[in-house]
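**Student:** coords please:
(chains A, B, C and D)
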Amino acid sequence: MTLGADKKTHPENGRQSVTLINAHSLAGTAEVTKADLEAVCRAVRELTRACAQPPSRIRLQHGRTTVEVEWPAPEGPAQPAPASVATAEPEQDTGLTYVCAPMVGTFYHAPEPGSPPFVSVGDLVQPGQTVGILEVMKMMSTIASDIGGRVVEILVPNATSVEYQQQLIVVEPVAEG
Amino acid sequence: MTLGADKKTHPENGRQSVTLINAHSLAGTAEVTKADLEAVCRAVRELTRACAQPPSRIRLQHGRTTVEVEWPAPEGPAQPAPASVATAEPEQDTGLTYVCAPMVGTFYHAPEPGSPPFVSVGDLVQPGQTVGILEVMKMMSTIASDIGGRVVEILVPNATSVEYQQQLIVVEPVAEG
Amino acid sequence: MFTTVLVANRGEIALRVARTCRELGLRTVAVYSTADRDSAVVRFADRAVRIGPPQTRSSYLHVPSIIEAALSTGAEAIHPGYGFLSEDPDFAEICEASGITFIGPPPRVIEQLGDKAQARALMAEAGLPVLPGSTGALATPGQAKEVAQRVGYPVILKAVAGGGGRGMAVVRSAENLLHAFHETRAHARAVFGDERIYLERYIEDARHVEVQVLCDRYGSAVHLGERDCSVQRRHQKLIEESPAPNLSPTLRARMCEAAVRGALAVGYAGAATFEFVLTPDQRFYLMEINCRLQVEHPVTEMVTGIDLVREQITIAAGLPLSFRQEEVQPRGVAVECRVNAEDPARNFAPTPGLLTEFVPPGGPFVRVDTHAYTGWPVGPDYDSLLAKTVVWAPDRPQALARMDRALGEFRIEGPVVRTTTGFLREALARPEFQAGMHTTGLVARMAEEPVQVG
Amino acid sequence: MFTTVLVANRGEIALRVARTCRELGLRTVAVYSTADRDSAVVRFADRAVRIGPPQTRSSYLHVPSIIEAALSTGAEAIHPGYGFLSEDPDFAEICEASGITFIGPPPRVIEQLGDKAQARALMAEAGLPVLPGSTGALATPGQAKEVAQRVGYPVILKAVAGGGGRGMAVVRSAENLLHAFHETRAHARAVFGDERIYLERYIEDARHVEVQVLCDRYGSAVHLGERDCSVQRRHQKLIEESPAPNLSPTLRARMCEAAVRGALAVGYAGAATFEFVLTPDQRFYLMEINCRLQVEHPVTEMVTGIDLVREQITIAAGLPLSFRQEEVQPRGVAVECRVNAEDPARNFAPTPGLLTEFVPPGGPFVRVDTHAYTGWPVGPDYDSLLAKTVVWAPDRPQALARMDRALGEFRIEGPVVRTTTGFLREALARPEFQAGMHTTGLVARMAEEPVQVG
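**Tutor:** Coordinates of the predicted model:
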């Protein structure tokens, strides 16, 4: 395999170098094996590790593997870092959703000591159903699941301190109809 | 697998350079081997390492391998151009060669005041021919052209202080035969 | 002494406080909003607790989250930094009710001095000079007019709950008073949730000189000299120095003595700053008292060698002051410049954005307090302070030359980031500043007559 | 005073010197090899002249190129930093012959003191204590044996032209002397181009204490106190501090007085360091005199408030000392740690490579002298010093805690870069160092018995 690298400067703006790599490649619809994918992932991990900054984006497409790693690249004024570490939104791949802590506090599985928990693994929950309690400065508030589905896992033990947006419960949406 | 929201940043203001790859597709259905992939990654690592700044984006496509590396483009006054490493080696593009100062000193066009210069624009020079004099701490030493060719330009005026490796004279090699 | 301290702040001051905690051998807990998850203090602290979204109301100002973070990490004390909850008496009280030491003065003192009208009255009682003005809050526009008539124009209207240069309006003649009265009151209601305002005589071409005081819980108080903070833009300080230039030893001693007397009068404990206005005829009047660490505290540290955060913590831990007044021996001159991520060419608009390069100055007698680093995204959610640059030298001319060198050394790059380093160097170069004869009008005059190059 | 100064060095010290030049209002010229074209001092200086390839022999040690660079840029003076040409009497002489002021002592003094055997003799004459040993260079192995017998083993063989910890060999018994004699001589010939060696008694478990002296050209000399540099690895200093811990005031005074006497005896002008070995029974002996700025000069600056480079420049410009001995008032404790790009796990092998992240510590009483920045490629061509970290505190325990905090704050990353920060923190944590009872054997003992964690 031959690799070429060109570093050019655009004199008209005196700015950034453009790097071209022409690598030879494969035509057709060869199957991408799992080993291949893992190799790509490992390579990306290494690439990102060499970098001072954590990337802001990694895109990995499976068929005809595509990998994109992106670091924070500001454009225009202020691009607030996407805080989406833990949201209640579904992960695109797995389809799983997370019930997250709305605030710093202590998470309880049950309404009071000795009571059965609001939900257990395997339970079906309805949208809006209470799945736990958060204690914040002696004040109790209920935590509800945004969507309906099956409880896959309870990530945080009973009576545990949790952070803002910490993932508490994994819910697998149940297909409608 | 982690997937982020697709937030494409194509800056209209041109503050960040965009790297385009012409993925070079070879005919045939050669298998993309692990070694190939590793070679690509190694090349990328080397490219990124050579650069002062961490890249802002790396894109790696597997089938029909494509690699993109992008750096944040510094804005405003261009960084002080890395003092061009002037060597006597030909520039790939133009084919021109440069006679450079071997040392810090004062460059003279002629053996003594009033004498005709060693060379003028348009002259043909032989390899090893004296093209100027460098004075370093009252010591005079001759400067010769490494290769033969035609004098295209004399870049430095007579009796001027020059830096190490500063380009002095442009020579266009004359095709042999 | 505590074993764990939570720092209820962000940016450079959170890091600065955490540094001293570490030096004292204390475990440090940072709290952070989602916008700050890669911040310097999060990287530095022993523990970091995510408390909320970027909006300060739901994070750095959200008392329950901060208290919960402290309780869940075993923090016995909270240092509030400056701004945010640092002068909120309710927060201080909730800390104590939750069994957590608030590193600051007692809630009662914060409340008294936070009410600027009440503070005025208390200090006048303690014999400190206050500007002629209203006794307490103004009830009606008519009363405002009456007081203004008595003290003479120009006057300044101030929010009772204000401070730190916010919520103020200068009124130069009677016809503008009514409008300013209503506007200031509306502003105070909107910003501080307290519409009360009061009125004082306004001094033109004054200097801003403040005195740093430290008091322990056992009635001992010392001052650490003064700071001149006259270089301000819209009541926001840009350059601070200690000692104040061209201040006679007698006047300095009187101001410092007044500050200590005032602190003792209200049973202060912790670090306090007494802000005075110094008139062209060398009279001084109390403006306000700040119950917290000031942004500009490093200049005092540089000349006295005393770590103010360390003293705050040991005082809060119940230790007596470890030194007497005569052991405080200021040496040389220290100057601080606040480098902000703002564009002076666009009326100092904040310029948030990624820092593709951030190299601070260094070398002899230069201190930089910053949370920035190459790769830090300056966010749009918080104030624009990027780096406090502090220098020390044996005398003022050397200190100013050193500051100019240090500011010139900064390499701050980013696609959209602009900073105030160039503006600060211009201010330093003004003849009236070089001579130490400048007043709070300096920056406004700079806008009128741009500096001559060469 | 000069208007333009050329800095004939690289790395952190070139930047440090240029900073003071800038503060003095002097134009600064940097010289650089092609490996250093993006270096901090090149970015900082008013002018930069490329003088040669990475190899020092053809760049930073190449006298004609440096002189030409000075002449072509109108520099009236050259500051040599440390290392390279800083103690080369020929260079100093060529400067003067070229009409350029060499910022350092007169060439004759450099020559006398650079000959370690001659320096020994001169100082003994001036009444300074020197270790029992040979009078001048050793002519034969037999003579070496005779002297060693007389002074008693262990002894140390040193190159006459050596210094700075290079070209030395400790000999513990007679049977090893012959071999060491030939080896040291061969080494001296290869490295210094001068095969002469001499012999002294070697003190085990000694401390390295040195005194900083400043002399003007008019016979005035002051000392700026001492530095303890006992933490060394293979005679290379790693940690330095001032004042020396556990040094009685009487002993300190005697050492400082001796240094001043020695400097005056040879007509010194500029900054000099008198290095002493301090024995366990509190006797001190002169080891060598360094005719240049030391790497560790910042600790003296931090405790005295005196900018040593400024003093070097003003002395070279012909100004008399601006202060008297009694005006030098050291305050508190300063400590320096040298952070090197070396891998302690691989016998401190240098680890050149790109710095993908470099965030130095900051905040209260921390000074960092470094030429590194995010994106700087640490080259393989030069020494591995990456950053000098210096802290100040009112007392030694606080200074050590502060240093530990500062070292922990460093964020230095690169694909292959390793640093000594962890090793330095281990050294700081050793009980004998904490107690200030350590000797030059500390680092060797650390290798034998790794520190206990927890």
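
**Student:** can we go C-alpha only for contacts and neighbour counts from here?
**Tutor:** OK.

**Student:** For stretch C:349-368, which residues meet the burial criterion?
**Tutor:** C:350-368 (16 or more other CA atoms under 10 Å in any protein chain shown).

**Student:** what is the rounded mean pLDDT of it?
**Tutor:** Averaging pLDDT along stretch C:349-368 gives 97.

**Student:** so does it get close to chain D?
**Tutor:** Yes. On the criterion CA under 8 Å from any CA of the partner chain, stretch C:349-368 is in touch with chain D at C:357, C:359, C:362-368.

**Student:** Inside strands: which ones of those?
**Tutor:** In this view, the residues of stretch C:349-368 next to chain D that belong to strands under DSSP state E are C:357, C:359, C:366-368.

**Student:** quick one, domains of chain C?
**Tutor:** C:4-103, C:132-201, C:207-448 (automatic domain parsing).

**Student:** which of those sits most buried?
**Tutor:** domain C:4-103 (a mean of 22; mean count of other CA atoms under 10 Å in any protein chain shown).

**Student:** still on that earlier bit, ok, and of the buried residues of stretch C:349-368, which contact chain A?
**Tutor:** When contact is defined as CA under 8 Å from any CA, the buried residues of stretch C:349-368 meet chain A at C:351-354.

**Student:** could you dump these to JSON lines with secondary structure?
**Tutor:** What follows is these, written out as JSON lines (DSSP: H, G, I helix; E, B strand; the rest coil):
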{"residue": "C:T351", "secondary structure": "coil"}
{"residue": "C:P352", "secondary structure": "coil"}
{"residue": "C:G353", "secondary structure": "strand"}
{"residue": "C:L354", "secondary structure": "strand"}
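
**Student:** now, among those residues, which is nearest to chain D?
**Tutor:** Taking CA to the nearest CA as the measure, chain D lies nearest C:L354 of these, at 14.7 Å.

**Student:** Which strand residues bridge that closest one?
**Tutor:** Taking DSSP bridges, one obtains C:P377 as the residues bridged to C:L354.

**Student:** what does A:Q167 give?
**Tutor:** A:C100.

**Student:** ok now do C:M446, which residues does it touch?
**Tutor:** C:A427 (CA atoms under 8 Å, 6 or more residues apart in numbering or on different chains).

**Student:** next one: whichever helix or strand it is part of to chain centre, how far?
**Tutor:** Using DSSP states H and E, C:M446 sits within helix C:442-448. Helix C:442-448 sits 22 Å away from the centroid of its parent chain (CA atoms, centre = their mean, to the nearest Å).

**Student:** Likewise for stretch C:112-122?
**Tutor:** Distance of stretch C:112-122 from the chain centroid (CA atoms, centre = their mean) equals 18 Å.

**Student:** Would you mind pulling the contact partners of it?
**Tutor:** Here stretch C:112-122 has contacts from C:87, C:130, C:135-137, C:159-163, C:198, C:266, C:286, C:288-291, using CA under 8 Å, 6+ apart.

**Student:** So which of the residues you listed are in strands?
**Tutor:** C:159-163, C:198, C:286, C:288-290.

**Student:** Looking at these, spot the one nearest chain B.
**Tutor:** C:G163 (38.1 Å).

**Student:** remind me which residues of the stretch 201-350 of chain C are low pLDDT?
**Tutor:** Scanning the stretch 201-350 of chain C for pLDDT under 70 picks out nothing.

**Student:** Flag every residue of it that's near chain D.
**Tutor:** C:298, C:301-302, C:305-307.

**Student:** okay if I get the residues you listed as a markdown table plus distance to chain A?
**Tutor:** Listed next are these as a markdown table, based on distance: CA to the nearest CA, whole Å:
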| residue | distance to chain A |
| --- | --- |
| C:P298 | 30 |
| C:E301 | 33 |
| C:M302 | 33 |
| C:G305 | 35 |
| C:I306 | 35 |
| C:D307 | 32 |
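
**Student:** Name the nearest of those relative to chain B.
**Tutor:** C:P298 (32.6 Å).

**Student:** quick one: contacts for that closest one?
**Tutor:** Contacts for C:P298 (CA under 8 Å, 6+ apart) come out as C:336, C:390, D:364.

**Student:** what about the first one, which SS state?
**Tutor:** In other words, C:E336. strand.

**Student:** Could you find the closest non-adjacent residue to A:A110?
**Tutor:** Nearest residue to A:A110 in three dimensions, chain neighbours excluded: A:P117, at 4.1 Å (CA to CA, 6 or more residues apart in numbering or on different chains).
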